[in-house]
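Chemist: Sharing a sequence plus its predicted fold:
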Amino acid sequence: MSTLYRLVYASKNFLTGPEAEAAVEQILAASRRNNERVGVTGALMFNGGAFAQVLEGPQKGVEQTFERIQRDPRHGDVTVLEGTPITERGFVNWSMAFVGQSARGQALWNELAAESGFDLARLSADAVFMMLHDLVLEEEPLGNIMDTPPPDAVARQLPDMPQVREEVAHLRSEAVVTTERQNASRDHESVATLAILKAALAHERGRTTELRSMVDELHIAMAEIHAACDRLRAERDLWMQRARVLVAALCDDPQEIRSAARSAEVLADQSMVAVPARACA
């Protein structure tokens with residue numbers, strides 16, 4: 001059996017106007033049809049500004065699906081947040097779930113985007129996965145898988161679906177009971193969240209200013225280092241030139257010493273010859 005693989009990505013949405021809803025329906029229909037053919041499952045989130053998607057299945061099928069997604073002109077700035085082997089699927093019953101249209105889904109996405117500074121590359125893959133997983137269980141608890149489940153899912157014992165439906169229904173009833181209480185505190189939480197986001201943004205801006213100052217200081221230090229290196233090179237060249245002159249002088253001196261020695265030997269020999277001659281006389 002092929003190794004299971006998970007890919008999480010986010011991208012900027014280029015769909016605008018009334019055609020966006022129809023285009024998303026086409027994307028979902030094509031995704032579910034193609035994914036079932038290669039054993040890929042996952043979830044897609046769409047809002048006015050971005051897409052976020054999780055793909056799971058055999059690595060070859062996931063990579064082929066993602067290559068096709070990258071070529072789609074309806075989005076851009078496709079940013080891979082994670083690509084890793086996994087031991088089991090998180091969306092086994094969904095050929096391609098579609099979430100995020102609820103108020104809660106929009107709020108979760110906005111919160112996640114704000115934490116990343118609205119930078120796709122800084123999104124947390126784990127946070128995106130958990131958000132999609134929770135929303136899928138809430139908005140599409142029964143799944144949308146067709147008659148033939150992924151091959152790896154057949155080998156595992158799936159939970160009892162009637163029991164799952166009953167538990168989901170119970171959870172939904174509890175959610176309805178607490179909705180009014182949540183609505184009452186939501187405004188206060190929104191104000192507090194906005195204050196926290198503003199404080200975080202101010203901190204990030206301050207940190208950015210500090211980093212820019214550090215970069216400028218590093219540039220100045222590097223310029224000083226380069227200047228010092230240039231001075232050292234000039235001094236090195238000067239001393240090398242002096243060394244050449246000294247070597248040349250040393251090479252010339254022995255020649256003169258040898259010439260002087262030979263002259264002294266000649267004079268000595270002449271003196272030795274002259275002394276006997278005077279003795280004989």
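Modeler: Thanks, I have it.

Chemist: Can you tell me the strand partners of the helix or strand containing T84 and which way each runs?
Modeler: Using DSSP states H and E, T84 maps to strand 75-85. Take DSSP bridges as the rule and strand 75-85 pairs in its sheet with strand 4-13 (antiparallel).

Chemist: hmm, back to that, show me what counts as buried in the strand holding T84.
Modeler: Residues H75, V78, T79, L81, G83 are the ones in strand 75-85 that count as buried (16 or more other Cβ atoms under 10 Å). (Each C-beta comes from the backbone N, C-alpha and C, glycine too.)

Chemist: I'd like to know the average pLDDT value across the helix or strand following that strand.
Modeler: Next helix or strand after strand 75-85 toward the C-terminus (DSSP H and E): strand 97-99. Mean pLDDT, strand 97-99: 89.

Chemist: And for stretch 217-230?
Modeler: 89.

Chemist: Next: stretch 78-94.
Modeler: The model assigns stretch 78-94 a mean pLDDT of 93.

Chemist: So which helix or strand of the protein has the lowest pLDDT on average?
Modeler: helix 151-154 (a mean of 52; mean pLDDT, DSSP states H and E).

Chemist: next one: stretch 73-92 to chain centre, how far?
Modeler: 14 Å (Cα atoms, centre = their mean, to the nearest Å).

Chemist: where exactly do the helices run in the chain?
Modeler: Along the chain, the segments classed as helices by DSSP state H run 19-38, 59-70, 103-115, 125-139, 151-154, 161-280.

Chemist: Which of the ones you listed has the highest mean neighbour count?
Modeler: helix 125-139 (a mean of 18; mean count of other Cβ atoms under 10 Å).

Chemist: between the strand holding T84 and helix 59-70, how big is the angle?
Modeler: On the basis of axes from the mean of the first three to the mean of the last three Cα atoms, to 10 degrees, strand 75-85 is oriented at 170 degrees to helix 59-70.

Chemist: Please work out which residues outside strand 75-85 touch it.
Modeler: By Cβ atoms under 8 Å, 6 or more residues apart in numbering, the surrounding residues in contact with strand 75-85 are 3-15, 51, 59, 69-70, 120-121, 123-126, 128-129.

Chemist: Pull out the buried residues from the residues you listed.
Modeler: Here, 16+ other Cβ under 10 Å leaves 4-11, 13, 15, 51, 69, 120, 123, 125, 128-129 buried among these.

Chemist: residues in contact with L7?
Modeler: When contacts are counted by Cβ under 8 Å, 6+ apart, L7 touches V54, L55, E56, V62, E63, F66, V80, E82, G83.

Chemist: what would the residues you listed look like in JSON lines with distance to R172?
Modeler: What follows is those, written out as JSON lines (distance: Cβ to Cβ, whole Å):
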{"residue": "V54", "distance to R172": "24"}
{"residue": "L55", "distance to R172": "28"}
{"residue": "E56", "distance to R172": "26"}
{"residue": "V62", "distance to R172": "32"}
{"residue": "E63", "distance to R172": "37"}
{"residue": "F66", "distance to R172": "34"}
{"residue": "V80", "distance to R172": "34"}
{"residue": "E82", "distance to R172": "31"}
{"residue": "G83", "distance to R172": "34"}
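
Chemist: So which of those is the closest to M240?
Modeler: The closest of those to M240 turns out to be V80 (Cβ to Cβ; 54.4 Å).

Chemist: Name whatever forms a beta bridge with that closest one.
Modeler: Bridge pairing for V80 - DSSP bridges - gives Y9.

Chemist: Relative to D230, how far out is it?
Modeler: 45 Å (Cβ to Cβ, to the nearest Å).

Chemist: now do V99
Modeler: 62 Å.

Chemist: Skip the chain neighbours and tell me the closest residue to the most centrally placed residue in the chain.
Modeler: Centroid check for the chain by Cα atoms, centre = their mean gives A121 as the closest residue, at 6.6 Å. Leaving aside its chain neighbours, A121 sits nearest to T79 (5.4 Å; criterion: Cβ to Cβ, 6 or more residues apart in numbering).

Chemist: Below-threshold pLDDT in the protein: ranges please.
Modeler: Along the chain, the model assigns pLDDT under 70 to residues 1-2, 48, 142-162, 164-165, 176-177, 180, 182, 184, 252-281.
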